[in-house]
Each structure stands twice: as C-alpha cells, then as structure tokens.
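Trainee: return a 3D structure for these sequence lines:
(2 chains)
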Amino acid sequence: DTEVTQTPKHLVMGMTNKKSLKCEQHMGHRAMYWYKQKAKKPPELMFVYSYEKLSINESVPSRFSPECPNSSLLNLHLHALQPEDSALYLCASSSPSAGTQETQYFGPGTRLLVL
Amino acid sequence: SQQGEEDPQALSIQEGENATMNCSYKTSINNLQWYRQNSGRGLVHLILIRSNEREKHSGRLRVTLDTSKKSSSLLITASRAADTASYFCATVRTGGFKTIFGAGTRLFVKA
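Mentor: You can find the predicted model right below:
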C-alpha cells in the first residue's frame, strides 16, 4: 500500500468553527508532514513529525494545532481560522534515514475554504 | 530565503516535443527531487538525484545536477497531453530535514 489518504477532500468553515483534517498512511513511514499550498504557489512546510514527535514547526499560528496519535495517523486541528488560511492542505510521509530526506509520498489534499 | 527557483514559470509546447525545466538553489544539498502536480491535487514524486550524481534517467525523464552551479534540469522527451501539470524541484539543505520547493513550472502540452 503506497497511498496516503486525506479526509475530508473539501471543507468549508466559518471563522468561529473548530474542525480537523486527517491523514493516514500504512507504509510504515515514521516521518509525516503538513504543507499549505496557495493557488499557483509551491507547497510550504508547516509541521514535521518524526517518530511521532514534533520535530519542525515553521512558526505556524497557534490556530493550527497538529497531532500525531500514532505512526500511521496525522491530524491538523483548526480553530478560529482566517479567510487567508483558505488553501490546499497537503499531508505527506517519508521514511527518514541517516538524517537525509528521502522521497515524500503525498496525499490528494484537503481544499479548505474559510468564510 | 527560497531554496529553489525554477524557470520558465510557464511552458507551452506541442505534443511530441521535448520540455526542459530548470531549477536553481542556494545552499549545499543532500539530494534534489522533482515532483509533478496535476491541477489541485497532491504531488507525485518523479525522480531523486543525489548530490554525488550528475545525471539520472527514468523512462522519458532525464535529470541533470550541477552542484558547482547549484542547478538542475528536468527534460521530458516526446511529451504527451497527459504531461500537462506543474513541476516542482525540491531540495533539502545538507544536514537539514526541511524540504523546500521551488516556485514551479507550469507545463501545458497541446494535443
């Protein structure tokens, strides 16, 4: 199974809502990532979990809260978002080895619209 | 600062022609990767070239890496309409763990 799944595919939320994005992989990868991608821009790294521990937080606002409950699952909890947070949110996983970055496998993304 | 920058930003070619995209980066790297993204979807890994490699092939793809110039190129030969997508290079600084994507090249292959 070489697939990363993400749910939901689309999400519309108000600025006062709380929602969560979910990501799952069963490739045995121990590194998982959240990226944010605006239209016609490259993905921007938000968070990296390595062996279920948060290893990189790219100064993301606290209204985004990641969680890695186990080695297969990655969540992104959303609260009090702003319209400028509307974007495609991508999850990825990889198998870290010897401190180098290997191939990342991406999910299809969740397209988020904040009203 | 942005690690990878690509040119051209957009490229429109006829089916059957070759497409070449270039990527430049700023620091020493462990490896450089190329990804493809169809409109509004996830990225698909195409090829990885390590810092001690100069050229790599995979099917219709040919990637070169010049670490002295801190640049890479992706050549797609005999392009097809299905190659229409955005192509991104991605690098990780030596000793680092953060992948940085270039701005991307939007390729349009006309049938």
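Trainee: run through the residues that contact the residue most central in space within chain A.
Mentor: Closest to where the C-alpha atoms of chain A average out (C-alpha atoms, centre = their mean) is residue A:34, at 2.7 Å. Contact analysis of residue A:34 by C-beta atoms under 8 Å, 6 or more residues apart in numbering or on different chains lists A:23, A:45, A:46, A:47, A:66, A:74, A:76, A:89, A:90, A:91. Yep, even glycine has a C-beta here, placed from its N, CA and C like the rest.
Trainee: residues from chain B in reach of chain A?
Mentor: B:30-31, B:33, B:35, B:40-45, B:48, B:88, B:90, B:92, B:95-104, B:106 (C-beta under 8 Å from any C-beta of the partner chain).
Trainee: quick revisit: want to throw the contacts of residue A:34 into CSV with distance to residue B:67?
Mentor: Listed next are the contacts of residue A:34 as CSV, based on distance: C-beta to C-beta, whole Å:
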residue, distance to residue B:67
A:23, 34
A:45, 23
A:46, 29
A:47, 30
A:66, 34
A:74, 33
A:76, 35
A:89, 33
A:90, 28
A:91, 31
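Trainee: check those residues one by one and keep those near chain B.
Mentor: Okay, of the contacts of residue A:34 touching chain B (C-beta under 8 Å from any C-beta), that's A:45, A:90.
Trainee: note down every partner strand of the helix or strand of chain A with the lowest mean pLDDT and its orientation.
Mentor: Among the helical and strand segments of chain A, the one scoring lowest on mean pLDDT, DSSP states H and E is strand A:53-57, with a mean of 85. Here strand A:53-57 has these sheet partners by DSSP bridges: strand A:44-50 (antiparallel).
Trainee: just the CA coordinates for the partner strand, please, in CSV.
Mentor: Output in CSV follows, covering the C-alpha atoms of strand A:44-50 (Å, rounded to 0.1, in the frame of the first residue of the first chain):
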residue,chain,number,x,y,z
GLU,A,44,5.0,25.5,2.2
LEU,A,45,6.1,23.3,5.1
MET,A,46,4.0,23.7,8.3
PHE,A,47,4.9,20.8,10.5
VAL,A,48,7.1,17.7,10.6
TYR,A,49,6.6,14.7,12.9
SER,A,50,9.4,12.3,13.2
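Trainee: just to revisit the earlier point, wait, which of the contacts of residue A:34 is closest to residue B:54?
Mentor: Out of these, the one with the shortest distance to residue B:54 is residue A:45. That distance is 27.9 Å, counting by C-beta to C-beta.
Trainee: tell me which two of the contacts of residue A:34 sit farthest apart.
Mentor: Using C-beta to C-beta, the pair of these lying farthest apart is A:23 and A:45, separated by 14.5 Å.
Trainee: okay, those two: which has more neighbours?
Mentor: Counted by other C-beta atoms under 10 Å in any protein chain shown, residue A:23 and residue A:45 do not tie: residue A:23 has more neighbours, with 26 against 20.
Trainee: please consider this matter closed, and thank you.
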